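*Asks:* Here you go, sequence then predicted model.
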Amino acid sequence: MDTVETRKSMFPGLTLDVEDLFLLEGFQIGYLPQYVPRYLQEEDLAAVLSAHPAVRRFLVKKHPPIAAFVERIMAQYEPMTDAAKLAKHADRAVWSISDLLMYNKAPEVQAALAHHRWDFHEVVTSVTPLDGKVVLDVGAGTGRMALEAAQTAAQVFAVEPTSRLREFIRERASKAGLKNVFVVDGFLHQIPLPDDYGDVLFTSQAIGWRLLDELPECERVVKEGGFIIHRFGADVGEGVTTGAEDPHAILPSPDWGYEAVRYQESGRWVVKYWKQV
């Protein structure tokens with residue numbers, strides 16, 4: 001089974017087409033060069049952008065720094081005129097970035113994936129209770145951790161840069177009758193909260209895009225004596241980001257001093273790192 005068919009089987013109920021590229025936010029567009037060649041092939045994207053100039057203009061206008069990358073790949077590959085081949089390029093292009101597009105188009109599909117059904121106690125409350133505390137879920141995604149934490153925490157701040165995901169978290173919190181969940185726009189390297197604000201900060205499969213900026217920012221917003229917890233659904237030593245900074249090497253290093261535990265969960269390896277500030 002090729003990558004496209006694998007991803008389609010992973011995300012049942014999700015449909016994607018070229019027009020879904022208009023859903024990308026500026027920071028997501030900035031990830032595209034980093035996705036090459038790990039997920040996304042330049043030839044596939046170049047064929048799509050040649051055939052759909054409106055999409056090309058949108059990407060550059062939404063995130064101008066990508067202009068040089070777009071110009072380079074379009075100069076490197078001839079426009080695709082064969083309709084059948086173009087359709088295959090388009091299918092590969094959108095499904096290669098299906099994780100980005102799914103956040104914007106169908107967060108309910110993301111929320112329903114089996115790998116979200118992990119043990120919250122094993123990851124978080126085994127390290128520290130949340131009762132009456134101010135909790136920060138940064139890179140909150142679909143809000144799985146934030147909503148669970150809100151059952152006992154005094155306040156939960158779900159920090160998430162994708163606007164559709166922020167809407168989705170608010171919808172879920174409202175449906176659950178949770179009035180202590182506050183959803184804010186922000187990144188792990190730019191958390192929009194004051195110094196020494198939270199008692200507990202956690203992430204799940206979120207850090208690593210700008211790791212050496214993210215780690216001090218996490219410590220900035222957590223009170224002395226508070227806890228920071230990071231969870232990864234990946235084997236130790238297996239790359240979990242598109243960047244060169246490997247959290248599995250950096251987090252437990254003397255510079256950052258995180259404790260670590262590696263365990264199996266539903267047949268896959270999970271790594272949890274935590275420290276007290």
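*Replies:* Okay, I see it.
*Asks:* only C-alpha atoms for contact and neighbour calcs from this point on.
*Replies:* Will do.
*Asks:* longest strand of the protein?
*Replies:* The strand of greatest length in the chain, counted in residues with DSSP state E as the criterion, is given as strand 222-232.
*Asks:* Which other helices and strands does that one contact?
*Replies:* With contacts defined as 3 or more C-alpha pairs under 8 Å, 6 or more residues apart in numbering; DSSP states H and E, the secondary structure elements packing on strand 222-232 are strand 198-204, strand 268-276.
*Asks:* At which residues are the helices of the stretch 1-150 of the chain located?
*Replies:* 3-10, 26-35, 42-51, 53-62, 67-76, 83-96, 98-105, 107-111, 120, 144-149 (DSSP state H, counting those that start in this stretch).
*Asks:* Identify the residue nearest the geometric centre of this structure.
*Replies:* In the chain, the centroid-proximal residue (C-alpha atoms, centre = their mean) is Ala206; its distance is 5.2 Å.
*Asks:* helix, strand or coil for it?
*Replies:* Reducing the assignment to helix, strand or coil with DSSP: H, G, I helix; E, B strand; the rest coil, the entry for Ala206 is coil.
*Asks:* right, and it touches Val159 too?
*Replies:* No: contact criterion C-alpha atoms under 8 Å: Ala206 and Val159 do not qualify, at 11.2 Å.
*Asks:* What pLDDT is listed against Thr241?
*Replies:* The predicted structure scores Thr241 at 46 on the pLDDT scale.
*Asks:* cool, Ser163 as well?
*Replies:* The predicted local distance difference test score for Ser163 is 96.
*Asks:* before we move on, back to that, give me the distance between the residue nearest to the centre of the chain and Val138.
*Replies:* 8 Å (C-alpha to C-alpha, to the nearest Å).
*Asks:* What of Gly225?
*Replies:* 19 Å.
*Asks:* Kindly report the same for Asp246.
*Replies:* Computed as C-alpha to C-alpha, the Asp246 to Val138 distance reads 19 Å.
*Asks:* Count the residues that sit near the closest residue in space to Thr128 that isn't next to it in sequence.
*Replies:* Sequence neighbours aside, Phe227 is the residue nearest to Thr128 in space, at 7.5 Å (criterion: C-alpha to C-alpha, 6 or more residues apart in numbering). By other C-alpha atoms under 10 Å, 22 other residues sit near Phe227.
*Asks:* hang on, the earlier thing: between Asp246 and Val138, which has more neighbouring residues?
*Replies:* With other C-alpha under 10 Å as the criterion, Asp246 and Val138 differ in neighbour count, and Val138 comes out ahead with 28 against 18.
*Asks:* Going along the chain, name the helices of the stretch 151-277 of the chain.
*Replies:* Taking DSSP H, counting those that start in this stretch, the helices of the stretch 151-277 of the chain run over residues 163-175, 211-221, 247-250.
*Asks:* Check which residues of the longest one are buried.
*Replies:* Residues Arg164, Leu165, Arg166, Phe168, Ile169, Arg170, Arg172, Ala173 are the ones in helix 163-175 that count as buried (16 or more other C-alpha atoms under 10 Å).
*Asks:* Many thanks, I have nothing further to ask.
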